[in-house]
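Asks: here is the input, now give the coordinates:
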Amino acid sequence: MRVEQIYTGCLAQGAYYIESNGEVAIIDPLRETAPYLEKATQNGATIKYIFETHFHADFVSGHLDLAKKTGAKIIYGPNANTVYEKHTATDGEEFKLGKVTFKVLHTPGHTPESTTYLLKDENDKEYAIFSGDTLFIGDVGRPDLAQKSGELTKEDLAGWLFDSLRNKIMPLSDEVIVYPAHGAGSACGKNMSSETWDTLGNQKATNYALRADMTKDEFIKEVTDGLLPPPQYFAKNAKMNKSGYDSFENVMKRGVVALSPRAFEAAANEHDALILDVRDKVSFVKGFIPNSIFIGLDGSFAPWAGALITDLMQPILIVAPKDRAEETIKRLARVGYDNTIGYLEGGFEAWKSYGEVDQIETIDIATFAQAYHKDLSILDVRKPGEWEVEHIETAQHFALDYLNRQMAEIRKNTTYYMHCRSGYRSTVAASILKSRGFGLLINVQGAFNDIITSDIPTTKFVCSSTLK
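Replies: Have a look, this model is predicted:
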């Protein structure tokens, strides 16, 4: 038996490759199928099953493309309704894979169809669970993503999750390994560990949600308390995973098209395309194509694209560092952005000798501290939790996650100083605002810790936010 976790850090996502006696199961695959196909081919094995733990909201799964290429059967747990062919497993149903067995444990709560797969080894001993978003390391899945107005509330789903954990997972042996779908950085939970697997026994001892003395009411309160609104793309990705989508190869073929500066400009005008610049923040602020927006590849690229680009079918043109355009298009497709229509051949250097260039005024923390006075208009674009711990006394909270809904709160004739924790998010926010006609922006790049140690007055542990 071979069990391999294939972890993708930028999405904080774990897919799994399990092989026994020449047969393979893939659990929660990403959209690009090549890594799974290549691994099976190298091992002389055949992919037999594609197990999905639930309808993923934070990425588009590769189950459909992988099934078409291999003939493997797609398996979901109970209550999973799709428009494509798949096997809907029953609670307790077993699937043989070579000399090992998978047992279906229906564990609703994160979503109604959420399912954990228990792997039993060649001796029928319980070896591991693939828990999806039911159980994370240090946390459990948020129960508010599948609620429906007038039907299910997040409290209803949290109650189901409590029962699933107590009745299906906690009775298993302490030696069972927990392999979740996500780790720290995912928006599918609140308090996930940076560790990507653990033993169930250790989770029983350390995970707040598995406390033996916890009542159902206490559990419901704790897992629903402090939940922020989910990113806008979550529901759209879940729909794609239920209903189907274009093949990954077609998406890449449309997107990996090198365009000269002239052709790039013509495509932008013809298709009303969004120009997405994915270079590093320092390079971007020094010069960029007018009206382009910045989301750097070396940050949490795909989740930020998903949070901020509201139309999955928005035509997109890419300005990327050398040899990274294809990577950009792939990472956009992972979260459902299927309409990339080309990239700038030669990158921004090619554009500089062709067309107009814009800039964003950018200063360091020391310059910001010298300029500071209490009447400055300051936008803090960090997350609510960061803001509440400590923020500049006179700042306005303008979380990047919710920029699109807060746009009306700022004025075009006011000069704003913008900052975050390092300068990445403030550069993203400044680029979006500038593309929408806000020209009086000063981007502060540098560590928030340097703001704290400067003479700029800050406030600690404020338990309120301007965001509602």
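
Asks: so what's the backbone phi/psi at the residue most central in space within the chain?
Replies: In the chain, the residue lying closest to the centroid (Cα atoms, centre = their mean) is P303, at 4.1 Å. According to degrees, to the nearest 10, the main-chain angles of P303 amount to phi -60, psi -40.

Asks: where's it relative to I451, distance?
Replies: Computed with Cβ to Cβ, to the nearest Å, the distance linking P303 and I451 is 25 Å. All C-beta atoms are positioned from the backbone trio N, CA, C, and that covers glycine.

Asks: what's the weakest-modelled helix or strand in the protein?
Replies: helix 403-406 (a mean of 89; mean pLDDT, DSSP states H and E).

Asks: give me the low-pLDDT residue ranges for this structure?
Replies: Counting by pLDDT under 70, the chain has low-confidence residues at 147-150, 461-468.

Asks: mark out where each domain of it begins and ends.
Replies: Split into domains by automatic domain parsing, the chain comes to 2-236, 246-352, 361-460.

Asks: now the following helix or strand past the least confident helix or strand of the chain, how far from the centre of its chain.
Replies: Of the helices and strands lying after helix 403-406 in sequence (DSSP states H and E), the nearest is strand 416-419. Per Cα atoms, centre = their mean, to the nearest Å, the displacement of strand 416-419 from the mean C-alpha position of its chain is 26 Å.

Asks: other SSEs contacting strand 416-419?
Replies: For strand 416-419, the contact count by 3 or more Cβ pairs under 8 Å, 6 or more residues apart in numbering; DSSP states H and E identifies helix 365-371, strand 377-380, helix 424-435, strand 441-444 as packing neighbours.

Asks: change it to 7 Å
Replies: Contact partners of strand 416-419 among helices and strands, from 3 or more Cβ pairs under 7 Å, 6 or more residues apart in numbering; DSSP states H and E: strand 377-380, helix 424-435, strand 441-444.

Asks: save the ones you listed as CSV, and put in mean neighbour count and distance to S131 too.
Replies: Conversion of those to CSV gives the following (neighbours: other Cβ atoms under 10 Å; distance: least, Cβ to Cβ, whole Å):
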stretch, mean neighbour count, distance to S131
strand 377-380, 22, 36
helix 424-435, 24, 31
strand 441-444, 23, 41
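
Asks: which residues sit against stretch 168-176?
Replies: The contact list for stretch 168-176, computed with Cβ atoms under 7 Å, 6 or more residues apart in numbering, reads 105, 107, 116, 126-129, 135, 199-201, 204, 210.

Asks: which of these sit farthest apart?
Replies: Pairwise distances across these peak at 19.7 Å for Y127 and L210 (criterion: Cβ to Cβ).

Asks: quick check: buried residues in the one helix or strand A205 maps to?
Replies: For A205, the host element (DSSP H and E) is helix 200-206. Residues L200, Q203 are the ones in helix 200-206 that count as buried (16 or more other Cβ atoms under 10 Å).

Asks: and for it, what's in contact with it?
Replies: Outside of helix 200-206, the residues within contact range by Cβ under 7 Å, 6+ apart are I137, M170, L172, D174, E175, V176, V178, L210.

Asks: and it, how far out from the chain's middle?
Replies: In terms of Cα atoms, centre = their mean, the centre of helix 200-206 is found 26 Å from the chain centre.

Asks: right, and the helix or strand after it?
Replies: Next helix or strand after helix 200-206 toward the C-terminus (DSSP H and E): helix 216-224.

Asks: that next one packs against which elements?
Replies: Identification of packing neighbours for helix 216-224 by 3+ Cβ pairs under 7 Å, 6+ apart yields helix 154-164.

Asks: right, and the helix or strand after the helix it packs on?
Replies: On the C-terminal side of helix 154-164, the closest following helix or strand by DSSP H and E is strand 177-180.

Asks: that next one packs against which elements?
Replies: Counting by 3+ Cβ pairs under 7 Å, 6+ apart, the packing neighbours recorded for strand 177-180 are strand 13-20, strand 126-132, strand 198-199.

Asks: so which of the contacts of stretch 168-176 is the closest to Y7?
Replies: A128 (15.3 Å).

Asks: for that closest one, which non-adjacent residue is closest in space?
Replies: If the residues on either side of it in the chain are set aside, A128 comes closest to I177, at 4.0 Å by Cβ to Cβ, 6 or more residues apart in numbering.

Asks: off-centre distance for stretch 113-128?
Replies: Mean-position distance between stretch 113-128 and its chain equals 27 Å (Cα atoms, centre = their mean).

Asks: sort out which residues of it are buried, please.
Replies: For stretch 113-128, the neighbour count (16+ other Cβ under 10 Å) marks E113, S114, T115, T116, Y117, L118, L119, K120, E126, Y127, A128 as buried.

Asks: now the end-to-end length of stretch 358-368.
Replies: For stretch 358-368, the first and last residues are 22 Å from each other (Cα to Cα, to the nearest Å).

Asks: of all the residues in it, which ones are buried?
Replies: Taking 16+ other Cβ under 10 Å as the basis for neighbour counts, the residues of stretch 358-368 that come out buried are I360, T362, I363, I365, F368.

Asks: pick out the most distant pair among these.
Replies: So for the buried residues of stretch 358-368, where distance means Cβ to Cβ, the most widely separated pair is I360 and I365, at 16.6 Å.

Asks: list phi and psi for L119.
Replies: Torsion angles, degrees, to the nearest 10, at L119: phi -100, psi 120.

Asks: let me see the ranges of the helices in the stretch 1-150 of the chain.
Replies: In the stretch 1-150 of the chain, the segments counted as helices under DSSP state H, counting those that start in this stretch are 34-42, 63-70.

Asks: mind putting those into JSON lines with mean neighbour count and distance to L259?
Replies: Shown next, in JSON lines, are the helices of the stretch 1-150 of the chain (neighbours: other Cβ under 10 Å; distance: least, Cβ to Cβ, whole Å):
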{"stretch": "helix 34-42", "mean neighbour count": "15", "distance to L259": "25"}
{"stretch": "helix 63-70", "mean neighbour count": "20", "distance to L259": "27"}
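
Asks: of those, which is nearest R262?
Replies: Checking the helices of the stretch 1-150 of the chain against R262 by Cβ to Cβ gives helix 34-42 as the closest, at 33.6 Å.

Asks: starting at the chain centroid, how far to the closest one?
Replies: Offset of helix 34-42 from its chain centre (Cα atoms, centre = their mean): 25 Å.

Asks: pull the CA atoms of that helix into PDB?
Replies: Output in PDB follows, covering the C-alpha atoms of helix 34-42 (Å, rounded to 0.1, in the frame of the first residue of the first chain):
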ATOM      1  CA  ALA A  34      -1.200  15.400 -15.400                       C
ATOM      2  CA  PRO A  35       0.500  14.800 -11.900                       C
ATOM      3  CA  TYR A  36      -1.900  11.900 -11.100                       C
ATOM      4  CA  LEU A  37      -1.700  10.400 -14.600                       C
ATOM      5  CA  GLU A  38       2.100  10.600 -14.700                       C
ATOM      6  CA  LYS A  39       2.400   9.100 -11.200                       C
ATOM      7  CA  ALA A  40       0.200   6.100 -12.100                       C
ATOM      8  CA  THR A  41       2.000   5.600 -15.400                       C
ATOM      9  CA  GLN A  42       5.400   5.600 -13.700                       C
END
